[in-house]
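Asker: Structure, please.
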Amino acid sequence: MNRKLICFYAVVLIVVEQVIKLIINSYYLHTKIPIWEPWLYFSPLFNRDYSWLNSMLQLGVGKSLHIFVVIIALVMLFLLYRYLEKKVEITPLIGITFAIFFAGAFCSLIDKVFWDGSLDYILVRGFFTFDLKDVFLNVGIGLFLIMLVIDHQGMRTEL
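Answerer: This next block holds a predicted model:
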């Protein structure tokens, strides 16, 4: 899978995530709809703490540091991709994983820069509220870890 296709998939995912947020912000911001009672709800809210860790531990870390961390993470993710590109064949699974990863990281940066936080909208009652960006990041991490465990394309050996 080539870089242009990976970028295309990442851009599509970013656009989908941002359009969903624009629609929610415009029409459904104060709505609560059960998805799977009593555990799962559509319940939008703005997380102005910029990250899950900052929110849960009430660390008070500001926006600038969060933006810096996301930029560093994006650079590291890009460097990891470039390293793998030289060491193994970029299969569709690897390409899709990185497209999902890049989409999640760029959405996180967009949230911090343009939304001044994160518009989260899926509530797991008693635990947390999340959005599609969080799904992207967790799926990307999960797929990457699975590929390491099964040594897809010799990734574990090459890392």
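Asker: tell me the secondary structure for Leu45?
Answerer: strand (DSSP: H, G, I helix; E, B strand; the rest coil).
Asker: Any figure for the gap between it and His66?
Answerer: Using CB to CB, to the nearest Å, Leu45 is found at 18 Å from His66. C-beta here means a position set from N, CA and C on the backbone, and glycine is covered the same way.
Asker: Looking at these two, which is more packed in?
Answerer: His66 (20 against 15; other CB atoms under 10 Å).
Asker: in the longest helix along the chain, what counts as buried?
Answerer: As assigned by DSSP state H, the longest helix anywhere in the chain is helix 63-87. In terms of neighbour count (16 or more other CB atoms under 10 Å), helix 63-87 has its buried residues at 66, 69-70, 73-74, 77, 81, 84.
Asker: okay, which residue is most central for the protein?
Answerer: The chain has Gly104 as the residue nearest its centroid, 2.5 Å off, counting by CA atoms, centre = their mean.
Asker: How about the contacts made by that residue?
Answerer: Counting by CB atoms under 8 Å, 6 or more residues apart in numbering, Gly104 makes contact with 133-137, 140.
Asker: Filter those down to just the ones in helices.
Answerer: Residues of those located in helices (DSSP H): 133-137, 140.
Asker: filter the residues you listed to the buried ones?
Answerer: Buried among these by 16+ other CB under 10 Å: 133-134, 136-137, 140.
Asker: pLDDT and distance to Asn54 for those - can I get that in JSON lines?
Answerer: Output for these, formatted as JSON lines (pLDDT from 0 to 100; distance: CB to CB, whole Å):
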{"residue": "Lys133", "pLDDT": "97", "distance to Asn54": "15"}
{"residue": "Asp134", "pLDDT": "96", "distance to Asn54": "14"}
{"residue": "Phe136", "pLDDT": "98", "distance to Asn54": "19"}
{"residue": "Leu137", "pLDDT": "97", "distance to Asn54": "15"}
{"residue": "Gly140", "pLDDT": "97", "distance to Asn54": "21"}
